[in-house]
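# Next input, structure requested:
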Amino acid sequence: MKLHILGCYSATPKANTNPTAQVLEISNHQFLIDCGEGTQVQLRRQKIKFNRVKHIFISHLHGDHYFGLIGLISTFRLLTRETELHIYAPKGLKELITLQMKLASSWTNYQLIIHELNSIESELIFEDENVEVHTIPLDHRVYTNGFLFKEKEGERKLDIEKVEEANINVAYYRKLKQGYDVVNEDGVLIDNKKVTLEANKPKSYAFCSDTAYSEKILPIIKDVDVLYHESTFLDKHEKLTVPTKHSTAKQAATIANKANVGTLILGHYSTRYGNLQDFKIEAQTVFENVLLADDGKEFQF
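Got it, this is the predicted structure:
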């Protein structure tokens with residue numbers, strides 16, 4: 001599982017900061033999560049291939065989380081993309097994108113499928129044989145979702161030396177991977193666990209931005225491997241979280257601690273702050289395993 005941070009600052013972009021966007025590599029997917037202004041430039045800088053982006057998840061319709069979307073859609077068109085593109089976003093995005101394409105007479109030459117979300121409960125919005133994506137209802141000034149990405153349990157791995165010693169025909173290898181006991185060439189039933197190894201532990205990632213402190217999300221994100229949680233403010237400016245419905249670094253760490261997550265990644269910093277280390281120091285008073293997102297940074301888990 002690999003996470004590319006394309007942008008992780010709040011409000012307006014600056015010369016050296018970018019609004020929210022990131023790419024999650026998991027189970028042979030490259031999921032684009034949010035698409036702030038300049039996202040396609042950041043994709044180029046990080047050498048992420050456009051044609052591998054097939055699913056885009058938009059948390060909410062504040063500009064710093066989706067203003068880069070129409071540009072990316074248009075660039076895909078100019079590059080004569082053929083692969084369909086799925087976008088999961090709050091209700092209203094389809095109207096926004098359709099109007100822009102209509103007025104510019106720039107309809108896509110690929111299938112653009114917009115899945116509009118309006119449920120206030122967590123729901124499954126994407127699933128294939130390897131991974132599931134669920135919404136995480138958040139508490140912000142407009143309808144907002146985070147997203148939970150979960151790998152499914154994988155197949156067991158063959159201990160090939162033991163498989164060959166057990167004289168098992170290759171035709172049964174698939175059954176072994178699926179966890180079944182099989183009969184060998186001598187007619188003896190072979191215990192699966194004696195010739196296979198445990199599957200890799202499924203990985204999980206939760207993206208939570210933007211939101212006020214909310215313990216309602218705890219059952220959804222409990223025990224995830226990695227949690228990205230917004231930390232717009234430091235504790236000294238906690239009073240600003242009430243009208244803006246954002247969180248502090250300490251509040252993000254409290255959520256991580258109560259949810260028993262493996263690693264917390266902080267982001268969505270207000271540009272009023274000059275030293276990002278202050279966010280880490282504050283969060284670690286509550287939760288130890290803290291990483292700082294920054295534009296262009298990559299994390300591998």
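# CA atoms for contacts and neighbours, from now on please.
OK.
# Which stretches in the stretch 151-300 of the chain count as strands?
In the stretch 151-300 of the chain, the strands defined using DSSP state E, counting those that start in this stretch lie at 157-158, 182-183, 189-190, 196-197, 204-208, 226-230, 263-267, 290-292, 298-300.
# Could you export the ones you listed as a markdown table, including mean pLDDT, distance to P13 and mean neighbour count?
Conversion of these to a markdown table gives the following (pLDDT from 0 to 100; distance: least, CA to CA, whole Å; neighbours: other CA atoms under 10 Å):
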| stretch | mean pLDDT | distance to P13 | mean neighbour count |
| --- | --- | --- | --- |
| strand 157-158 | 90 | 47 | 18 |
| strand 182-183 | 92 | 59 | 17 |
| strand 189-190 | 92 | 61 | 16 |
| strand 196-197 | 91 | 48 | 18 |
| strand 204-208 | 98 | 20 | 25 |
| strand 226-230 | 98 | 17 | 25 |
| strand 263-267 | 98 | 14 | 26 |
| strand 290-292 | 98 | 18 | 18 |
| strand 298-300 | 98 | 20 | 13 |
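# I'd like the ones you listed laid out as TSV, including distance to K250.
Below are the strands of the stretch 151-300 of the chain laid out as TSV (distance: least, CA to CA, whole Å):
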stretch	distance to K250
strand 157-158	41
strand 182-183	53
strand 189-190	53
strand 196-197	41
strand 204-208	15
strand 226-230	11
strand 263-267	10
strand 290-292	11
strand 298-300	22
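# quick one, which of these is nearest to T144?
Among these, the nearest to T144 by CA to CA is strand 204-208 (9.5 Å).
# Return the list of strands paired to the closest one, each annotated with direction.
strand 145-151 (antiparallel), strand 226-230 (parallel) (DSSP bridges).
# centre of the chain versus it, how much separation?
6 Å (CA atoms, centre = their mean, to the nearest Å).
# and if you look at stretch 163-172?
That offset, for stretch 163-172, works out to 40 Å (CA atoms, centre = their mean).
# and if you look at stretch 44-52?
17 Å.
# Can you get me the start-to-end distance on it?
13 Å (CA to CA, to the nearest Å).
# which residues sit against it?
L6, H29, Q30, L43, F76, R81, T83, G296 (CA atoms under 8 Å, 6 or more residues apart in numbering).
# can you tell me how far the last one sits from S270?
Read that as G296. Taken as CA to CA, the span from G296 to S270 is 18 Å.
# next one: the second one
H29 sits 30 Å away from S270, going by CA to CA.
# State the distance from T232 to T285.
Taking CA to CA, one finds T232 at 17 Å from T285.
# same thing with A11?
27 Å.
# Between these two, which has more neighbouring residues?
A11 (18 against 12; other CA atoms under 10 Å).
# Now the more buried one: closest residue in space that isn't a chain neighbour?
Leaving aside its chain neighbours, A11 sits nearest to D64 (6.2 Å; criterion: CA to CA, 6 or more residues apart in numbering).
# so what's that neighbour up against?
When contacts are taken as CA under 8 Å, 6+ apart, D64 is in contact with S10, A11, T12, P19, T20, C35, G36, E37.
# Same check on K162?
K194, V195.
# circling back: check the contacts of stretch 44-52 and tell me the two furthest apart.
Top of the distance list for those (CA to CA): T83 and G296, 26.5 Å.
# separation between the residue of the chain most remote from its centre and K54?
Within the chain, the residue lying farthest from the chain centre (CA atoms, centre = their mean) is D186, at 48.6 Å. According to CA to CA, D186 and K54 sit 48 Å apart.
# do E127 as well
From E127 across to K54, the span is 13 Å (CA to CA).
# Verify the contact between V286 and A252 for me.
No: counting by CA atoms under 8 Å, V286 does not reach A252; the two are 9.3 Å apart.
# which of the two has more neighbours?
Using other CA under 10 Å, the more surrounded residue of V286 and A252 is A252, with 28 against 18.
# And the residue lying closest to the more buried one once chain neighbours are set aside, how close does it get to D278?
Excluding the flanking residues, the one nearest A252 by CA to CA, 6+ apart is H229, at 5.9 Å. Relative to D278, H229 is positioned 16 Å away (CA to CA).
# again with K194
51 Å.
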